[in-house]
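Participant: have a look at this prediction, sequence included:
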Amino acid sequence: MSANRYQQHFTVSWDQLHRDVRALCHQLVERDFKGIVAITRGGLIPAALIARELNVRLIDTVCIKSYEHKEQGGLDVMKGVDHDGEGWLLVDDLVDTGKTARKVREMLPKAHFVTVYAKPEGRPLVDQCLTEVAQDCWIQFPWDMGIAYVQPLVEQVRKGDDA
Ligand SMILES: O=P(O)(O)OC[C@H]1O[C@H](OP(=O)(O)OP(=O)(O)O)[C@H](O)[C@@H]1O
Ligand SMILES: Nc1nc2[nH]cnc2c(=O)[nH]1
Ligand SMILES: [Mg+2]
């Protein structure tokens, strides 16, 4: 699917991500999990933060790729797990179209599946999420960004006047 479908951006800082993951953990703290399965790569950092909050030490991965930046391609499953997910917490950073989530749910039908962010098409596929964003919104994660110089406003405006 094409990158043109994204009309808005939602930028998440490291601080925001950490606060959001901790808020999600408040909804999970009463449950007992055997371990966590992180969906790579996006689920790895949320999974590490959740593991710390819930004191979980056993962590496995499902390695799956669908996007090349904003372009969605076919699903490439590089590694699965040898159980059906019963008693396990399954974690990804987000669910968008739900294509990745649908595949992983087939692999671990009994896992409790959470994402930090969710878009409407994918939302029904996860058991819990923290924040819902619009379908046409691209979420920018802190690991994909860097700090850059920004021109003073007055210079940007003067340049606009020259144009
Ligand atoms: O609901 P979907 O439309 O399937 O999209 C969601 C998936 O897309 C991203 O992964 P991506 O394939 O970009 O790989 P990455 O986690 O390694 O960045 C994201 O981390 C989810 O796993
Ligand atoms: N970073 C990022 N990856 C995605 N993969 C599918 N949707 C998204 C998104 O909104 N942001
Ligand atoms: Mg991913």
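Facilitator: That came through fine. Ligands and ions are numbered 1, 2, ... in the order given.
Participant: got the CA coordinates for the helix or strand of the chain with the lowest mean pLDDT in CSV?
Facilitator: Within the chain, no helix or strand scores below helix 153-162, which has a mean of 85 by mean pLDDT, DSSP states H and E. Extracted C-alpha coordinates of helix 153-162, given in CSV (Å, rounded to 0.1, in the frame of the first residue of the first chain):
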residue,chain,number,x,y,z
LEU,A,153,11.4,32.1,12.7
VAL,A,154,12.3,35.6,11.5
GLU,A,155,14.8,34.1,8.9
GLN,A,156,12.2,31.6,7.7
VAL,A,157,9.6,34.4,7.3
ARG,A,158,12.1,36.7,5.4
LYS,A,159,13.0,33.9,3.0
GLY,A,160,9.3,33.4,2.4
ASP,A,161,8.9,37.1,1.6
ASP,A,162,11.8,36.8,-1.0
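Participant: neighbouring contacts of that helix?
Facilitator: residue 151 (Cβ atoms under 8 Å, 6 or more residues apart in numbering). In short, each C-beta sits where N, CA and C put it, glycine included.
Participant: just how off-centre is it within its chain?
Facilitator: 37 Å (Cα atoms, centre = their mean, to the nearest Å).
Participant: over to stretch 143-154?
Facilitator: 24 Å.
Participant: check contacts around whatever residue of the chain ends up closest to ligand 1.
Facilitator: Residue of the chain nearest ligand 1, by Cβ to the nearest ligand atom: residue 42 (2.7 Å). Shown in contact with residue 42 (Cβ under 8 Å, 6+ apart): 92, 93, 94, 141.
Participant: for this protein, just list every one of the strands.
Facilitator: 8-11, 35-40, 59-68, 71-79, 88-95, 112-118, 128-132, 137-140 (DSSP state E).
Participant: adding mean neighbour count, write these out as TSV.
Facilitator: Listed next are these as TSV, based on neighbours: other Cβ atoms under 10 Å:
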stretch	mean neighbour count
strand 8-11	12
strand 35-40	22
strand 59-68	16
strand 71-79	11
strand 88-95	26
strand 112-118	25
strand 128-132	17
strand 137-140	16
